[in-house]
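Engineer: Here you go, sequence then predicted model.
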Amino acid sequence: EVQQLNRQLEEKNGEIQQMINQPPYEKEREILRLQKSLAEREKAQATSEVLCRSLTDETHQLQRKLASTAEMCQHLAKCLEEKQRREKRNSDDQMPTERSNQLLDDGPSLQALIVKLQDENRMLKQKVAHV
């Protein structure tokens, strides 16, 4: 291992000697090449940082959107449960004929409510799929 390290050291010393012995224009060319390489690396690093920041911001935005959608879904589920409980209580309290009369009277408004809830459900499903 020591011999290998000594060989590598000798190789590096040889490279340094070659650089020292090169004409000045070759040295300048090598310096320009190294500066260009460094500038490209810095540009790539800056681009990478911008992309990472952008992705981080987008991730946080999506997390907030998902949390808000989940909260809305929970709220709607609670409302639906509450409505079902009320309807069940009402149906248990009413006589069958009274109930059929009420359904006939409330038919259009009940149908409108059902359509509205179906639309809301569809929109929420689309939001969840999007998120």
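Structural biologist: Received, thanks.

Engineer: show me where pLDDT drops low in this protein?
Structural biologist: Scanning the chain for pLDDT under 70 picks out the ranges 94-107.

Engineer: Show me how far the host helix or strand of Leu80 is from its chain's centre.
Structural biologist: Per DSSP states H and E: Leu80 is located in helix 24-93. How far helix 24-93 lies from its chain's middle: 4 Å, per Cα atoms, centre = their mean, to the nearest Å.

Engineer: Packing partners of it?
Structural biologist: Here helix 24-93 touches helix 96-130, going by 3 or more Cβ pairs under 8 Å, 6 or more residues apart in numbering; DSSP states H and E. Yep, even glycine has a C-beta here, placed from its N, CA and C like the rest.

Engineer: Leu51 and Gln17: what is the separation?
Structural biologist: Per Cβ to Cβ, to the nearest Å, Leu51 is found 43 Å from Gln17.

Engineer: Oh, that last question was meant for Ala44, not what I typed.
Structural biologist: To Gln17, Ala44 is 33 Å away according to Cβ to Cβ.

Engineer: same check, this time on Val128
Structural biologist: 68 Å.

Engineer: Having no further points to raise, I will conclude here.
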